[in-house]
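In: test case, fold it:
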Amino acid sequence: MSSVKDLEVFRKPTSDRMGIGRFRFSDRYSVFDWGEMPDLISRKGEALCIMGAYCFERLEEDLRTHYRGLIDNHGKTVRLDDLKHPSNTMEISLVNVYRPKVVNEGGRLRYDYTVYTPELLNCLIPLEIIYRNGLPEGSSVFRRLEQGLTTFKQLGLNHYPKPGETLQKPIFDVSTKLEEKDRYVTWTEAMEIAGTTHGELSEIKRVLSSVDAAITQIASRAGLKNEDGKIELAFDDERQLMVVDVVGTLDECRFTYDGLHVSKEIARQFYRKTEWFKDVEEAKKKAEAEGVQDWKKLCRSSPSKLDPELNTIISEMYLAASNELTQKKMFDAPTLSEVIKKYKAYA
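Out: Numbering: from 1, shown residues only. Next up, the predicted model:
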């Protein structure tokens, strides 16, 4: 299904009825839209699954989600409190995914979203919905500002931000989900892409705010600051919004601990120092200029593996974060503060 998890379908969704499936979270990881990287991060999949399940069960108090439970070692669907051993498999309700048509117009790619209308039921909303409580170093906001792709006023700020800044009011951001690479859009464009009404757009922002507040509270118990995160949403068979994919993990959120990243950002920082990252940036620019859909074909190199010591630290970080975010010691791992000390020494 994706570079980091696989989907097993038990009942396919129809135009007006949700299906049933299972996510199997792998130890694979992805950075910079590349897809599967050349090595694995040990037990990352189980840690993501447990974190995601915990957050879904918290969100269910106020919001609809597609979460149905975890699969235990007897093959039964259970709640997290009833799980005796770590699991990498989550059962979910399924909706339809309608991919936009790709049109090449004068050497430029355009995506046709006309399939999305206010009457469409039981479908993924083709957007990544993003909240930003802070702007840590590495935030894409700074790249967009430097390249003139947005302004601080368009982001709702009254000044040019600095790395590490905590925002007085969260920024709500949005990008495409089903294109070859994610593309930031305005909320007006997002509404047109997804075929939503003004009322549904307001409800999307309300759901985003609720998820942000819940994850911020969960993270704070582990001493983590919830800097930013993304969610995915869908319309169910009654066109009611529900939270889908997975939420609240180190892959979906950018957490910090005393200013240090505790998320997939650590892997991104490692690769930003490589020649491969420069090749990725050049390939994306060239693909956009030439109207090429698969930018990876233009990339001159492939990524190397992570440094083995850093790989171990990242693995321990996922396991420790799962233990402390959920307050359930499912994994035999050092504490998060101990892992942070290891990372400081490494860095």
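
In: can you show me the strands along the chain?
Out: 5-11, 19-25, 67-71, 77-78, 89-94, 101-105, 108-112, 123-124, 127-135, 165-176, 225-235, 241-244, 253-257, 260-262 (DSSP state E).

In: now the ones you listed in a markdown table, with mean neighbour count, mean pLDDT and distance to residue 208?
Out: From N, CA and C alone the C-beta is placed, and that goes for glycine too. What follows is the strands of the chain, written out as a markdown table (neighbours: other CB atoms under 10 Å; pLDDT from 0 to 100; distance: least, CB to CB, whole Å):
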| stretch | mean neighbour count | mean pLDDT | distance to residue 208 |
| --- | --- | --- | --- |
| strand 5-11 | 14 | 96 | 22 |
| strand 19-25 | 20 | 98 | 22 |
| strand 67-71 | 21 | 98 | 17 |
| strand 77-78 | 16 | 98 | 28 |
| strand 89-94 | 22 | 98 | 20 |
| strand 101-105 | 11 | 87 | 28 |
| strand 108-112 | 13 | 89 | 23 |
| strand 123-124 | 22 | 98 | 16 |
| strand 127-135 | 22 | 97 | 5 |
| strand 165-176 | 16 | 95 | 6 |
| strand 225-235 | 23 | 97 | 6 |
| strand 241-244 | 21 | 98 | 10 |
| strand 253-257 | 24 | 94 | 13 |
| strand 260-262 | 22 | 92 | 22 |
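
In: now render those strands as CSV, adding distance to residue 202.
Out: Below are those laid out as CSV (distance: least, CB to CB, whole Å):
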stretch, distance to residue 202
strand 5-11, 31
strand 19-25, 29
strand 67-71, 24
strand 77-78, 34
strand 89-94, 24
strand 101-105, 28
strand 108-112, 25
strand 123-124, 19
strand 127-135, 13
strand 165-176, 11
strand 225-235, 13
strand 241-244, 11
strand 253-257, 24
strand 260-262, 32
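
In: quick check: which of these is nearest to residue 207?
Out: Ranking those by proximity to residue 207 (CB to CB) places strand 241-244 first, at 5.7 Å.

In: for residue 190, find the nearest of the strands of the chain.
Out: strand 165-176 (4.5 Å).

In: and the closest one, what does it pack onto?
Out: On a contact count with 3 or more CB pairs under 8 Å, 6 or more residues apart in numbering; DSSP states H and E, strand 165-176 meets strand 127-135, helix 187-194, helix 198-220.

In: enumerate the positions of the second one that are buried.
Out: Read that as helix 187-194. For helix 187-194, a neighbour-count test (16 or more other CB atoms under 10 Å) marks 190, 191, 193, 194 as buried.

In: what of the last one?
Out: If you call a residue buried by 16+ other CB under 10 Å, then helix 198-220 has these buried ones: 200, 201, 204, 207, 208, 211, 212, 214, 215, 216, 218, 219.

In: what's the angle between that helix and helix 187-194?
Out: For helix 198-220 against helix 187-194, the angle by axes from the mean of the first three to the mean of the last three CA atoms, to 10 degrees is 110 degrees.

In: now do helix 198-220: distance to the chain's middle.
Out: Here helix 198-220 is found 15 Å from its chain centre; the criterion is CA atoms, centre = their mean, to the nearest Å.

In: coming back round to it: mind checking which of the strands of the chain is nearest residue 147?
Out: With CB to CB as the criterion, residue 147 lies closest to strand 165-176 of the strands of the chain, at 14.9 Å.

In: what lies in contact with that closest one?
Out: Residues from elsewhere that reach strand 165-176 (CB atoms under 8 Å, 6 or more residues apart in numbering): 111, 126-135, 141, 155-157, 161, 182-187, 190, 193, 205, 208-209, 212.

In: kind regards, and thank you for your time.
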